[in-house]
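Asker: Got a predicted model here, sequence first, then my questions.
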Amino acid sequence: MKRPNFTAALPLVVSAALMLLVGCSNGSTTPASNAPVPPPVAMMPDVHFENVYGDLKSTTFNGIPMAGGGFATIRSMYAQLTSTRLFNENYFAFRSALDDAYAKGIRIIGLPGDCTDDGQPINVDGLVAVLNEYRAKGMRFFIAPGNHDPDDPYDDMEAGKNDFLTAEGKEQKVYASGSSLVLNGDPTVAASDELTALGYEALITKFGNFGLLPQKEDLYWETPFSSYTNNQYTFNQAVQQSALSNRQFEICHEGEGGTYKENGKTYTSCTSITDASYLVEPVSGLWLMAVDANVFIPNANFNPADPKNKKGFNTAGDAGWNAMVTHKKHVLAWMKSVVQRAHAQGKYLITFSHYPTTDFYANQTDAMKGVFKSGAFQVVRIPQATASAAVAATGIRLHVGGHMHFNGTNDFTDASGNYLANVQAPSLAVYGAAYKVMQFRTQDVVDVQTVRLNDVAHFDSLFPFYQKEYDYLQGSTAAADIAKRWDKSILSSKSYGDFTNQYWGQLSLLRFMGEYWPNDMKEAATKLDGKQMLILSQLNSAYTVAQLKDVQDLLPLTAAGFVVDPAGQTAVTSDQFRADWVAATAKATQLAASAGLSLDSFSQITPNQFCGDFHRVVYAGELALRDMGEARIKQYRVLMSAFPATPAVVAKDSAGNLLDSNPVNVPFQNEFKRVFSILKELGSGKPSDQFRIDLNKKELINSTAGALSFN
């Protein structure tokens, strides 16, 4: 296989690389270790491995027959273009990332959760085969559980997917044998227990060689529940400690049970459940602390007589560290103990989990809540300050997380001066696909490099199957099929980087704009180009939204998202609006010229381009600006500074709905002034590409000369 080229070269001196050092009390320096300098560690969360050539072992559907034998067991392109992760191409991207890391001399890989699509046997076994292949070459892998592995704490025999692709280009439902669809004999559903969503017991067994169980070659291994005779580690005792029966804690609806119950507080729906956290020393001096930050909280449906029924637990995806501080207190206590011991023994401690420990929106969360739909951009998953403070109080100064598929960095200092830096490693299955490598320069200074995937061998191997899907959708007259049509240009992608860039643009239009943006803002974002936006930012007119139907040649917007003002409209002629537009155009021309640009050049920011750019910056931060280029960044800088300092107040009814009596420029200037402000901050936040973390000075410093920014 041809080795892929990567856009970010990583000059590593392996023998001198120190890793994610955590273990000092804040403000102090870790004592010099007698152990050799640990080797480099790469972090690759959210692989979401799908075994695209796996065996469904179904009597009715095995995938798409291939010319060379076997089957392609893949999901449809439409399913990918409406999901925040790819299902298929990341199969090739993961192998390319491992090849690149291996070529750089990296032998230790952290996998902070969501290693598979949903913990199904077909995908788990496929991933294990890949990891064992590279393990035979000398690589070691260490998994921290994510909310897709496991998806539920216990095996889910009802799981399945609606969107496997057939040879005819249609979508096929495939479910495990416990699904009601299968049990009721639905003829449109294929049965396969390979789609069972495995719980902790099965996953710990299958992933045991990758950190979740002790290995003979490891120098040390423990769980939060371990207790070694005379504090002397032996492998045989570690094996005993690793038994599932020794890794249980009591969780209740209201919080953690057992000794962590608070006096005077009522606890209900209590049950024992697995915590898969562990600490391992794979090479002398290096401690890897993999935190199981999944929190499956018993809910009102919990039945003590059927304690393994998935309906009795909330899913873990939205809980994260906010729930860790209430429902997994034993883990934070253990983390603090590990930090103290690492400090005393001079160990280099890497801490990672699936979930972020700090705000991942460049501290723009409140602003985003004020602009977009309720719950947009998964703000429910943002760690609260109390959660960040609880993590910082353990002594952890640097944490690597995943889950959000973001490339980003943030830091947090609590009232006591405890410092926490959170590095969000991106997914290989999205736009901005990359992995992180940390390299300590001193005990308190770590360099973080983001190694980005661009050219991935065989990334387009499945494109002929997608062509069949495209042809079927184009030829179908069924409304459901017409609604699933997608832009064929993605099949002309020249590289994996190009493919993920186009995928994210289509995802923005097919899903994000509808889910996250209010109707009036969505219409403006999907109909106006950059030139029209710049003119609107300068417009001062009394012409109302209700009258827009008469000036479609200038401004192709409607009153969508507005309600009729019962008090009536202000009478302004279309001719007056056209005069106002000419005046605004003159002002916009001057603004563009002052930045050395022409107004017409802003037309290059098409609606599709803008929608894609906004969401690329949300997810990839600094990496998105690199793709965007200086010319478009200059255009966005003009737009970011173009709006009135204090836009006119928007008229609303008593229910908070926008009235169609608003002048056309007023809602746009109010809303998009904030949109561009958020975009600016997201693209000018803490460094997230190549940067240095000084844990003593509590600083994040960009290491890239001339790094792009909206500032």
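Answerer: Received the coordinates, thanks. Numbering: from 1, shown residues only.
Asker: Which helix or strand contains residue 357?
Answerer: For residue 357, there is no enclosing helix or strand under DSSP states H and E.
Asker: Pull the number of nearby residues for it.
Answerer: 30 (other C-beta atoms under 10 Å). In this view, the C-beta of every residue, glycine as well, is placed from N, C-alpha and C.
Asker: what's next to stretch 569-577, contact-wise?
Answerer: 541, 542, 543, 544, 546, 547, 550, 551, 554, 660, 661, 664 (C-beta atoms under 8 Å, 6 or more residues apart in numbering).
Asker: and the end-to-end length of that stretch?
Answerer: One end of stretch 569-577 to the other measures 15 Å (C-alpha to C-alpha, to the nearest Å).
Asker: quick one: buried residues of that stretch?
Answerer: 569, 577 (16 or more other C-beta atoms under 10 Å).
Asker: Also stretch 677-691?
Answerer: 678-691.
Asker: how far does that stretch sit from the chain's center?
Answerer: Chain-centre distance of stretch 677-691: 16 Å, with C-alpha atoms, centre = their mean, to the nearest Å.
Asker: could I get that stretch in CSV with only the CA atoms?
Answerer: The C-alpha trace of stretch 677-691 is given here as CSV (Å, rounded to 0.1, in the frame of the first residue of the first chain):
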residue,chain,number,x,y,z
SER,A,677,-18.5,37.7,16.2
ILE,A,678,-18.8,34.0,17.2
LEU,A,679,-17.0,33.0,14.0
LYS,A,680,-14.2,35.4,14.8
GLU,A,681,-13.7,34.1,18.3
LEU,A,682,-13.9,30.4,17.3
GLY,A,683,-11.3,31.0,14.7
SER,A,684,-9.1,33.1,16.9
GLY,A,685,-9.2,31.1,20.1
LYS,A,686,-6.6,29.1,21.9
PRO,A,687,-4.0,27.6,19.6
SER,A,688,-5.0,24.1,18.4
ASP,A,689,-2.6,23.1,15.6
GLN,A,690,1.0,23.3,16.6
PHE,A,691,1.4,24.8,20.1
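Asker: which residues touch it?
Answerer: 8, 361-364, 367-368, 371, 407-411, 424, 447-450, 614, 617-618, 621-626, 636, 640, 700-704, 707, 709-711.
Asker: which of the residues you listed are buried?
Answerer: Counted by 16+ other C-beta under 10 Å, the contacts of stretch 677-691 give 8, 361-362, 364, 367-368, 371, 407-411, 424, 447-450, 614, 617-618, 621-626, 636, 640, 700, 702, 710 as buried.
Asker: Just the element for the spatially closest residue to residue 258 that is not a sequence neighbour, please.
Answerer: Closest residue to residue 258 apart from its sequence neighbours, by C-beta to C-beta, 6 or more residues apart in numbering: residue 250 at 4.4 Å. Using DSSP H and E, residue 250 falls within strand 248-251.
Asker: and residue 630, what does it touch?
Answerer: Residue 630 neighbours (C-beta under 8 Å, 6+ apart): residue 708.
Asker: and it, what pLDDT?
Answerer: The model reports residue 630 with a pLDDT of 94.
Asker: Distance of it relative to residue 611?
Answerer: 21 Å (C-beta to C-beta, to the nearest Å).
Asker: sorry, back to before: ok, then the element right after the strand holding residue 250?
Answerer: strand 271-274.
Asker: Which strands or helices does that following strand pack on?
Answerer: Strand 271-274 sits against helix 200-206, strand 248-251, with contacts defined as 3 or more C-beta pairs under 8 Å, 6 or more residues apart in numbering; DSSP states H and E.
Asker: 6 Å instead?
Answerer: Under the contact criterion of 3 or more C-beta pairs under 6 Å, 6 or more residues apart in numbering; DSSP states H and E, strand 271-274 touches strand 248-251.
Asker: tell me the mean pLDDT for stretch 608-615?
Answerer: 96.
Asker: got it, and stretch 363-372?
Answerer: 95.
Asker: quick one: contacts of it?
Answerer: Outside of stretch 363-372, the residues within contact range by C-beta atoms under 6 Å, 6 or more residues apart in numbering are 359, 377, 379, 382, 516, 674, 678, 681.
Asker: how far is it from where the chain is centred?
Answerer: On C-alpha atoms, centre = their mean, the centre of stretch 363-372 falls 18 Å from the chain's centre.
Asker: again with stretch 692-711
Answerer: 22 Å.
Asker: Can I get it in PDB, CA atoms only?
Answerer: Output in PDB follows, covering the C-alpha atoms of stretch 692-711 (Å, rounded to 0.1, in the frame of the first residue of the first chain):
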ATOM      1  CA  ARG A 692       3.200  24.700  23.400                       C
ATOM      2  CA  ILE A 693       1.700  24.400  26.900                       C
ATOM      3  CA  ASP A 694       3.700  25.900  29.700                       C
ATOM      4  CA  LEU A 695       2.100  24.200  32.800                       C
ATOM      5  CA  ASN A 696       4.100  26.300  35.200                       C
ATOM      6  CA  LYS A 697       3.300  29.700  33.600                       C
ATOM      7  CA  LYS A 698      -0.200  28.400  32.800                       C
ATOM      8  CA  GLU A 699       0.100  29.500  29.100                       C
ATOM      9  CA  LEU A 700      -0.900  28.200  25.700                       C
ATOM     10  CA  ILE A 701       1.500  29.500  23.000                       C
ATOM     11  CA  ASN A 702       1.100  29.100  19.300                       C
ATOM     12  CA  SER A 703       4.200  27.500  17.800                       C
ATOM     13  CA  THR A 704       3.400  28.100  14.200                       C
ATOM     14  CA  ALA A 705       5.000  31.200  12.700                       C
ATOM     15  CA  GLY A 706       2.400  33.400  11.000                       C
ATOM     16  CA  ALA A 707      -0.500  31.200  12.200                       C
ATOM     17  CA  LEU A 708      -3.700  32.200  10.600                       C
ATOM     18  CA  SER A 709      -6.300  34.000  12.700                       C
ATOM     19  CA  PHE A 710      -9.300  36.300  12.200                       C
ATOM     20  CA  ASN A 711      -7.700  38.900  14.500                       C
END
